[in-house]
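Novice: show me how the following folds:
(2 chains)
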Amino acid sequence: MLTCQVDLPRCGGFLARSIAQRLHFPMIEKNYQPADIETRMARLWEEAGAFKAGRPERRDARPFTVVIPPPNVTGSLHMGHALNNTLQDILCRFERMRGRDVLWQPGTDHAGIATQMVVERQLMERQEPGRRDMGRAKFLERVWQWKAESGGVIVNQLKRLGASCDWSRERFTMDEGLSRAVAKVFVELHREGLIYKDKRLVNWDPKLLTAISDLEVQQIEVKGSLWYLRYPIEGKSFNPDDPATFIVVATTRPETMLGDTAVAVNPDDERYADLVGKHVILPLVGRKIPIVADEYSDPEKGSGAVKVTPAHDFNDFEVGRRHNLPQMSVLDQEGCLALVGNEDYLRGLPEGASQLAEELHGIDRFAARKLIVARLEDFGFLERIEPNTHMVPHGDRSGVVIEPYLTDQWYVDAHTMAQPAIAAVRSGATTFVPKNWEKTYFEWMENIQPWCISRQLWWGHQIPAWYGPDGKVFVAETEEEAVGNALGYYVEQEVITPEQGDEMARDPARREGFITRDEDVLDTWFSSALWPFSTLGWPDDETDVKRHYPTDVLVTGFDIIFFWVARMMMMGMHFMKDVPFPTVYIHALVRDEKGAKMSKSKGNVIDPLHLIDDYGADALRFTLAAMAAQGRDIKLAPQRVEGYRNFATKLWNACRFAEMNGCALPADFDATQATQTLNRWIAHETVRATREVTEAIEAYRFNDAAASIYRFVWNVYCDWYLELAKPVLMGEEGAAKSETRAMVAWARDEILKLLHPFMPFISEELWAVTARRDGLLVLTEWPRKAGLTSDEAVLMATTSPNDGLLPPVLLALDTGEFSDPAAEAEIGWVVDLVTAIRSVRAEMNVTPATLTPLVLAGASDETRARAQRWNDVIRRMARLGDISFADRPPEGAVQLLVRGEVAALPLKGVIDLAAEKTRLDKELAKADADIKRVDAKLGNEKFVANAPEEIVEEEKEKREAAVARKTKILEALERLKNAA
RNA sequence: GGGCGCGUAGCUCAGCGGGAGAGCACCUCGUUGACAUCGAGGGGGUCACAGGUUCGAUCCCUGUCGCGCCCA
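Specialist: From the prediction side, this is the model:
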């Protein structure tokens, strides 16, 4: 314990420093240097294993579990990560200090497409053989190699941000355990019929050559055209000038006309009523196709007739199904016309059609569009072209136009799996914060489509399905099992002999070409969906699943509610029979200061690492927390970060001040037992701040929590408490001084605790250098709300959320015995008096060097006593000469109203009497306006009758105060007149 | 077309049934014993618009206008 017998400031820095050194803790450096602190504190936490879950002393504590939204292994920290992880870290550090056994589960996502693209690009840049030339095995080796070398960048960046994850438990979606979870889930869902293979239209990416899910498609508005084509009616001699010989169809995709298998008109469209059931001859191709009636065709749009191309359009696919139309692909994987050798296309075509096929074969879809339109025009089939702005699907990764494409893919029956997930949110088992996101969730879940989970990529979890020579599929968790099943089956079917079966089972080379594995991999989000339990060891070891599932809260952005949250809900409900988290906190998107989404192409990306370099991780974190109000996007201006860096500096200097004044906390100090009014006041304010910060974090109101601690530190502790304490700290030794020193240190320590979740680095550093400590701040107990007994605190830390032992009273306690209205009244008076004097001095242009006297006129005994007690402080802070008392204010003095009494500054000769009259007139007008407004209310019978009693009481008090004020102002004006 | 959200001080944003707030910017003053990364003071808003509910509306409801996002 440090009790300084020496008056440190008078001895100067040197002595203070040497005393501190003898007491074995370092002095606070003169300047706040975030970079230096961050490195050292990070190391300290690491060495102490501070973030480890399952610390022995917390074995019996209630766990608090959060799984990180795994960043892409290719990623680097952007503002969204910074926000997301800051908020999670605030919660984790907060609960850790509250005694919980915190597991913040970190890890990264293999990010199938993104990672494969990165490595492919690298191969290209190095002019090495491409993926296909290299072969699957070798390519995958390269990806793993890349992952080992540069895959961990983002993890280190998260550490720089201060993320208190249990890094010893870092997982990767493709590590062995998680891969086993993926296989098991696939096999079980397949067995239950919830995963199946189907041939239907998918969103095909012609650049990446893979199917993608609906969610990976972005609809982008494109200025295109609407082409009006004339399709000749069968049996009539086509004449471009005779509308009776053709039907006009409007299309945005003329190049797919080669694959048309019908023309559709609306059944209610009278214009075409007599054509339904007849046929048209497809221009250029010569194929005879029917005219069908279908609701899909909108009479208002285009010509009212549409061509139907079931293999290249999602709507047409449905129309085709309803009318039993053939599905005819005319494009290949890369979006080029595929006509030569295309049996579906060539079947039944007239002589000469193959010539067209040869001419157009292999041409890219967009070039083909031009060619086909030109050719249609040549023959009079093109009626006109209209400009047309419409939505065109684009791949979110490749950026190219997506092609609806007919292929075999694996699907999850999302509709069935969504039902329990919907019910869980309906019942409140999981709630969204803010609540309005539930609507978005329901909207999507209730209209969910089959989820295409297969990808024609190499990097990812290869689908655990094997095919026999007849295409029969064998799904199993391991190759051994699948092959066993397959060989058994074919032996039984007498396709092979038992001896052949044995050989194939023993030697993979022998079964090559007989049994082959599905080449495709799973959608990255398939493994992400298992994250809340796969990272806990499922299915191999359920110990941690039992302790940590369901997790406590998920913190994420709204942009991945569909991608991730919804799918975790489905998988969690299915495999764990419970929600993955009772609360989903959805935070905003971080935008640039103009509100634009940050993107590389716009060049408006603010790099969080640069902000950390410039202002420190603490300042960035505090900024993000302070701006994370629910329900609004964050427009980030770097200036805000600078402001919060200044806040850190302010705190730094306040701690230096405390140190220079020998402020230290005696071991047995009890803040509630303070005797000095000022000290009782700051204890009261500290408890209030504690309550505000605690309740705000509990309610996920990060901005309120940040605002509370900011205001308390700067506008209460620094601006008033330390200033008011100065005369005591500079004065004679004694009980008052000792208590004040202790209280300065106590409040400082409470501040460091409250601030820690937001600014972990500087708070930990200051914790270390301001006193000898038993342990790190990160593991120090959070200040309890007043009235919370230690038994209750223990209960809170050890009770599990579902056992109903947590009494509601713990969640809403007031300041209880810490409240001290008397202290508030006295310090409030000092604050008001000083503020009023400062204000009028500035207004009257009194230079700071001028020490004016103060006369308290007609002061009550209480005011006289207060003025004497606070004489030094008031004089120093308000730049006064001396303070005296009188029955009436002296003539020609400026008269201020402070809590109903007159404080006069005799400034005769210093001030401009006319200006003072103007000032008083203004105040008089204000008082009159107040009285008038209140009178209007109180004069309203309905108000008095209907308004709550306390509101009416309040209004009456306001009126009395305003009237009293007015009286004093009138008196002041009167005296002013006499002085003139 | 459907859904969600937002229009509050010059800027970025809190507040959300009972007298308009913060930070930054701006203006004035300041080498006061932690801090100029600071201190003191100040100016600045018919809370988008129009109706309605209410004793009372920036706040609740309806509509209009403007902006953003998501889904078709």
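Novice: alpha carbons of stretch A:666-684, as CSV, please.
Specialist: Extracted C-alpha coordinates of stretch A:666-684, given in CSV (Å, rounded to 0.1, in the frame of the first residue of the first chain):
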residue,chain,number,x,y,z
PRO,A,666,-5.6,2.1,1.1
ALA,A,667,-6.6,-1.6,1.3
ASP,A,668,-9.5,-1.1,3.6
PHE,A,669,-11.0,1.9,1.9
ASP,A,670,-14.8,2.0,1.7
ALA,A,671,-16.0,4.7,-0.6
THR,A,672,-19.5,4.7,0.9
GLN,A,673,-18.1,5.7,4.3
ALA,A,674,-16.4,8.9,3.1
THR,A,675,-17.0,11.9,5.3
GLN,A,676,-16.0,14.8,3.0
THR,A,677,-18.9,16.1,1.0
LEU,A,678,-16.9,16.3,-2.2
ASN,A,679,-15.8,12.7,-1.8
ARG,A,680,-19.3,11.6,-1.1
TRP,A,681,-20.4,13.4,-4.2
ILE,A,682,-17.9,11.6,-6.5
ALA,A,683,-18.7,8.3,-4.9
HIS,A,684,-22.3,8.9,-5.7
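Novice: what about it, distance to the chain center?
Specialist: 40 Å (C-alpha atoms, centre = their mean, to the nearest Å).
Novice: buried ones in it?
Specialist: Neighbour counts using 16 or more other C-beta atoms under 10 Å place A:669, A:671, A:674, A:676-684 of stretch A:666-684 among the buried residues. (C-beta placed from N, C-alpha, C; glycine too.)
Novice: what mean pLDDT does it get?
Specialist: Mean pLDDT, stretch A:666-684: 89.
Novice: hmm, back to that, farthest pair within the buried residues of stretch A:666-684?
Specialist: A:Phe669 and A:Thr677 (17.5 Å; C-beta to C-beta).
Novice: still on that earlier bit, would you turn the buried residues of stretch A:666-684 into a markdown table with secondary structure?
Specialist: As requested, these are exported to a markdown table (DSSP: H, G, I helix; E, B strand; the rest coil):
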| residue | secondary structure |
| --- | --- |
| A:Phe669 | coil |
| A:Ala671 | helix |
| A:Ala674 | coil |
| A:Gln676 | coil |
| A:Thr677 | helix |
| A:Leu678 | helix |
| A:Asn679 | helix |
| A:Arg680 | helix |
| A:Trp681 | helix |
| A:Ile682 | helix |
| A:Ala683 | helix |
| A:His684 | helix |
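Novice: ok, of those, which one's closest to RNA strand B?
Specialist: Nearest to RNA strand B out of these is A:Ile682 (C-beta to the nearest atom of the strand; 13.3 Å).
Novice: now do the contacts for the residue lying closest to that closest one once chain neighbours are set aside.
Specialist: In this structure, A:Ile682 finds its nearest non-sequential neighbour in A:Tyr721, 4.7 Å apart by C-beta to C-beta, 6 or more residues apart in numbering. A:Tyr721 sits next to A:678, A:681-682, A:685, A:744, A:747 when contact means C-beta atoms under 8 Å, 6 or more residues apart in numbering.
Novice: now with 10 Å?
Specialist: Contacts of A:Tyr721 were listed using C-beta atoms under 10 Å, 6 or more residues apart in numbering, and they are A:654, A:678-679, A:681-682, A:685-686, A:712, A:740, A:743-744, A:747, A:827.
Novice: the lengthiest helix in chain A packs against which elements?
Specialist: Ranked by number of residues, the top helix in chain A under DSSP state H is helix A:949-979. If contacts are counted by 3 or more C-beta pairs under 10 Å, 6 or more residues apart in numbering; DSSP states H and E, helix A:949-979 sits against strand A:893-898, strand A:901-906, helix A:913-938, helix A:941-946.
Novice: which one of these has the lowest average pLDDT?
Specialist: Ranked by mean pLDDT, these end with helix A:913-938 in last place, scoring a mean of 81.
Novice: what angle separates it from strand A:893-898?
Specialist: Angle, helix A:913-938 to strand A:893-898, by axes from the mean of the first three to the mean of the last three C-alpha atoms, to 10 degrees: 30 degrees.
Novice: does helix A:913-938 reach RNA strand B?
Specialist: Yes - judged by C-beta under 7 Å from any atom of the strand, helix A:913-938 comes into contact with RNA strand B at A:930, A:933-934, A:937.
Novice: neighbour-wise, which of those residues leads?
Specialist: In terms of neighbour count, A:Val934 stands highest of the residues of helix A:913-938 next to RNA strand B at 20 neighbours, by other C-beta atoms under 10 Å.
Novice: what sits against the closest residue to that residue other than its chain neighbours?
Specialist: Leaving aside its sequence neighbours, A:Val934 sits nearest to A:Arg959 (C-beta to C-beta, 6+ apart; 4.3 Å). Contact partners of A:Arg959, counting by C-beta under 10 Å, 6+ apart, are A:930-931, A:933-935, A:937-938.
Novice: A:Glu685 now?
Specialist: Applying C-beta under 10 Å, 6+ apart, the residues near A:Glu685 are A:712, A:716-717, A:720-721, A:747, A:815, A:818, A:820, A:823-824, A:827.
Novice: show me which residues of the stretch 851-980 of chain A are close to RNA strand B?
Specialist: Residues of the stretch 851-980 of chain A found near RNA strand B (C-beta under 7 Å from any atom of the strand) are A:876, A:879, A:930, A:933-934, A:937, A:940, A:942-943, A:946-948, A:951, A:954-955, A:958, A:961-962.
Novice: buried subset of the residues you listed?
Specialist: Listed as buried from those are A:879, A:930, A:934, A:937, A:947, A:955, A:958, A:961-962; burial here means 16+ other C-beta under 10 Å.
Novice: so the residue of the stretch 251-400 of chain A found nearest RNA strand B: helix, strand or coil?
Specialist: Scanning the stretch 251-400 of chain A for proximity to RNA strand B using C-beta to the nearest atom of the strand identifies A:Met391 as nearest, at 5.2 Å. Secondary structure, three-state DSSP: A:Met391 is strand.
Novice: settle this for me: it is touching A:Ile402, isn't it.
Specialist: No - counting by C-beta atoms under 10 Å, A:Met391 stays clear of A:Ile402, with 11.4 Å between them.
Novice: intersection of neighbour lists for those two?
Specialist: Shared contacts of A:Met391 and A:Ile402 (C-beta under 10 Å, 6+ apart): A:218-219.
Novice: and these two? Which one has more around it.
Specialist: The neighbour count for A:Met391 versus A:Ile402, taken as other C-beta under 10 Å, is higher for A:Ile402 (24 against 10).
Novice: now that one: closest residue in space that isn't a chain neighbour?
Specialist: Closest to A:Ile402 by C-beta to C-beta, 6+ apart is A:Pro393, at 4.1 Å.
Novice: show me what that neighbour is bridged to.
Specialist: A:Gln219 (DSSP bridges).
Novice: ok, now which ones touch A:Pro420?
Specialist: A:429, A:569-570, A:572-574, A:577, A:579.
Novice: now do the buried residues in the helix or strand harbouring it.
Specialist: Assigned by DSSP states H and E, A:Pro420 belongs to helix A:414-426. Neighbour-count burial for helix A:414-426 flags A:414, A:417-418, A:420-422, A:424-425 (criterion: 16+ other C-beta under 10 Å).
Novice: ok, stretch A:735-755 next?
Specialist: Result for stretch A:735-755 [16+ other C-beta under 10 Å]: buried residues A:736-737, A:739-755.
Novice: contact partners for A:Phe533?
Specialist: Counting by C-beta under 10 Å, 6+ apart, A:Phe533 has contacts A:67, A:181, A:185, A:539, A:542, A:544-545, A:548-551, A:568, A:571-572, A:575-576, A:578, A:580.
Novice: from those residues, which land in strands?
Specialist: A:Val67 (DSSP state E).
Novice: kindly state the pLDDT recorded for A:Val401?
Specialist: At A:Val401, the pLDDT value in this model is 88.
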